[in-house]
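J.: could you work out the structure for the sequence below:
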Amino acid sequence: MEKRKIVIIGGGTAGITSASRLLKDFKAEDIVIIEPADVHYYQPLWTLVGAGVATLEETVRPMASVIPDGVLWKKEKVTSFKPEENIVTLSSGDQIQYEMLLVAPGIQIDWNKIEGLTDTLGKNGVCSNYDFHQAGYTWETINSFTGGTAIFTFPSNPIKCAGAPQKIMWLAEETFRAKGIRDKSRVIFLSAGGSIFGIPKYKESLEKLVKERGIEEIYHYDLVKIDSDKKIAFAKNLESGELMEIKFDMIHVTPPMSAPDFIKESPLSTGDALGYVDVDKYTMQHNIYPNVFSIGDASSLPASKTGAAIRKQAPLCAKNMFQVYAGQKPTHLYNGYASCPLVVDRHHVILAEFGYDGKIMETFPFDQAKPRRSMYFLKKELLPPMYWNLMLKGWA
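T.: I've put the predicted structure just below:
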């Protein structure tokens with residue numbers, strides 16, 4: 001049986017950034033990353049791809065190019081865990097015994113939980129930016145829209161980048177105005193939540209934009225079914241169970257999400273329907289197995305699932321892992337920081353930054369609730385190179 005000091009599950013943002021951070025205290029040959037994918041995505045740009053202002057090619061690089069030098073990459077899936085024995089089993093049947101385990105496989109997109117979605121996604125005006133292969137069709141759909149009803153959905157469960165469902169709505173609405181068809185268009189934000197945004201400071205600014213741009217809001221309704229032939233969306237009221245039908249001409253779907261099934265079915269899971277890795281919200285250490293940690297989208301951390309959150313989690317988690325490896329208690333505490341650049345048109349962004357309990361944690365010395373050109377430049381031009389050249393390498 002192969003043995004390693006550090007096993008990292010996942011080659012996404014959380015896994016690669018953490019590997020780079022762990023190299024400050026461990027040798028490269030001590031670390032193995034288990035990741036079946038050939039490529040690594042910069043997913044935040046998919047919104048701009050869906051709006052026709054970025055290309056898919058900008059968002060993807062070979063996985064081999066982002067694996068830190070000297071770190072072993074096993075191109076396999078994990079099938080099961082034996083945390084009492086410090087063992088993970090791979091799809092090949094091989095097993096690896098670890099001293100420290102970091103679980104960061106990202107989130108699972110549950111397309112099949114919306115009836116009819118998998119049969120019509122990518123055609124009939126049904127689009128979604130939550131898949132590399134679908135983002136281009138979002139722009140096709142928006143660009144070819146000639147009027148009618150455009151729906152943008154937000155589901156009831158936690159999702160990665162909770163601002164993305166409305167970002168594409170703002171960009172689509174802007175496109176409709178530019179094409180002179182806004183007066184023939186009904187734009188609906190159909191959300192299982194109770195408001196446009198959860199943090200009051202940013203919610204106030206967004207509500208002003210909703211009124212200015214004539215967005216129709218429908219809250220406490222979760223999309224449950226799509227009839228693509230009749231172009232009807234079925235949404236269920238989360239309080240009464242009432243089913244509402246809305247005829248659409250285009251619909252951008254944000255699907256339900258949960259932990260990957262192999263996490264749900266493992267002893268590491270919270271045990272509920274979403275099945276995230278059960279960790280302490282501050283130390284990121286597993287609540288049962290002290291040599292197991294988890295960050296990013298697959299963790300139970302009650303923070304927004306964003307790359308910016310991982311940027312704060314990864315260095316703290318790496319330090320805590322080294323402390324536990326050295327026989328100490330973890331002392332580096334994550335405060336729930338997350339950032340959401342809310343793109344409200346092709347020139348302006350509201351940069352929401354906050355932590356646990358909705359605490360405002362802004363970076364810049366001005367009111368970030370105001371849409372700004374500078375923050376759009378940050379989102380589109382500065383953050384991607386920072387991601388590829390600094391964050392993934394453990395330098396930012």
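
J.: thought residue 247 was touching residue 232, still the case?
T.: Yes - in terms of C-beta atoms under 8 Å, residue 232 counts as a neighbour of residue 247; the distance is 5.5 Å. Every residue, glycine included, has its C-beta placed from N, CA and C.

J.: between these two, tell me which one has more neighbours.
T.: Taking other C-beta atoms under 10 Å, residue 232 and residue 247 do not tie; residue 232 has more neighbours (15 against 12).

J.: distance of the more buried one from residue 134?
T.: Noted for residue 232: a distance of 21 Å to residue 134, by C-beta to C-beta, to the nearest Å.

J.: how about residue 344?
T.: Where residue 134 is concerned, residue 344 sits at a distance of 23 Å (C-beta to C-beta).

J.: these two: who's more crowded?
T.: Shown here are residue 344 and residue 134; by other C-beta under 10 Å, residue 344 has more neighbours (24 against 20).

J.: now do the same contact list for residue 216.
T.: 186, 187, 188, 189 (C-beta atoms under 8 Å, 6 or more residues apart in numbering).

J.: if you rank those residues by neighbours, which is first?
T.: residue 189 (21 neighbours).

J.: quick check: that residue touching residue 168?
T.: No - contact criterion C-beta under 8 Å: residue 189 and residue 168 do not qualify, at 10.8 Å.

J.: common neighbours of the two, please.
T.: Joint contacts of residue 189 and residue 168 (C-beta under 8 Å, 6+ apart) are residue 152.

J.: domain-wise, how is the chain divided?
T.: Annotated domains of the chain cover 2-107+259-335, 110-257 [automatic domain parsing].

J.: pull out the buried residues from stretch 153-171.
T.: Residues of stretch 153-171 classed as buried under the neighbour-count rule (16 or more other C-beta atoms under 10 Å) are 153-156, 158-171.

J.: er, stretch 145-154 I mean
T.: Residues of stretch 145-154 classed as buried by neighbour count (16+ other C-beta under 10 Å): 145, 149, 150, 151, 152, 153, 154.

J.: swap in stretch 264-275?
T.: 264, 266, 268, 269, 270, 274, 275.

J.: nearest to residue 220 among these?
T.: Each of the buried residues of stretch 264-275 was checked against residue 220 using C-beta to C-beta; the closest is residue 274, at 19.5 Å.

J.: the nearest residue to that closest one once chain neighbours are set aside: what's it in contact with?
T.: Nearest residue to residue 274, sequence neighbours excluded (C-beta to C-beta, 6 or more residues apart in numbering): residue 258, at 4.7 Å. For residue 258, the contact set (C-beta under 8 Å, 6+ apart) comprises 107, 108, 110, 157, 264, 273, 274, 275, 276.

J.: can you redo those as a markdown table with pLDDT?
T.: Shown next, in a markdown table, are the contacts of residue 258 (pLDDT from 0 to 100):
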| residue | pLDDT |
| --- | --- |
| 107 | 97 |
| 108 | 98 |
| 110 | 98 |
| 157 | 93 |
| 264 | 97 |
| 273 | 96 |
| 274 | 97 |
| 275 | 98 |
| 276 | 98 |
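
J.: mind putting those residues in CSV, secondary structure included?
T.: Below are these laid out as CSV (DSSP: H, G, I helix; E, B strand; the rest coil):
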residue, secondary structure
107, coil
108, strand
110, coil
157, coil
264, helix
273, coil
274, coil
275, coil
276, coil
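
J.: and the furthest pair within the contacts of residue 216?
T.: Farthest-apart pair in these is 186 and 189; separation 11.3 Å (C-beta to C-beta).

J.: picking that back up, strands - which of the buried residues of stretch 145-154 land there?
T.: Residues of these located in strands (DSSP state E): 149, 150, 151, 152, 153, 154.

J.: ok, of these, which one's closest to residue 86?
T.: Closest approach between those and residue 86, by C-beta to C-beta: residue 154, at 39.5 Å.

J.: in the sheet, who's paired with the residue lying closest to that closest one once chain neighbours are set aside?
T.: Closest residue to residue 154 apart from its sequence neighbours, by C-beta to C-beta, 6+ apart: residue 191 at 3.9 Å. Beta-bridge partners recorded for residue 191 (DSSP bridges): residue 154, residue 219.

J.: for residue 191, give me its contacts.
T.: Residue 191 makes contact with 153, 154, 165, 217, 218, 219, 220, 221, according to C-beta under 8 Å, 6+ apart.

J.: let's have those residues in a markdown table, adding distance to residue 181.
T.: Formatted as a markdown table, these follow (distance: C-beta to C-beta, whole Å):
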| residue | distance to residue 181 |
| --- | --- |
| 153 | 21 |
| 154 | 24 |
| 165 | 22 |
| 217 | 21 |
| 218 | 22 |
| 219 | 26 |
| 220 | 29 |
| 221 | 26 |
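
J.: and those residues, which two are the farthest apart?
T.: Greatest spatial distance among those (C-beta to C-beta): 165 and 220, at 15.3 Å.

J.: returning to that earlier point: who does the residue nearest to residue 274 form a beta bridge with?
T.: Counting by DSSP bridges, residue 258 is bridged to residue 108.

J.: residue contacts, the residue most central in space within the chain?
T.: The centre of the chain sits closest to residue 160, judged by C-alpha atoms, centre = their mean, with a distance of 2.3 Å. Contacts for residue 160 (C-beta under 8 Å, 6+ apart) come out as 43, 106, 107, 130, 257, 297, 305, 306.

J.: and of those residues, the nearest to residue 206?
T.: Residue 206 lies nearest to residue 306 out of these, by C-beta to C-beta, at 17.1 Å.

J.: perfect, that will be all.
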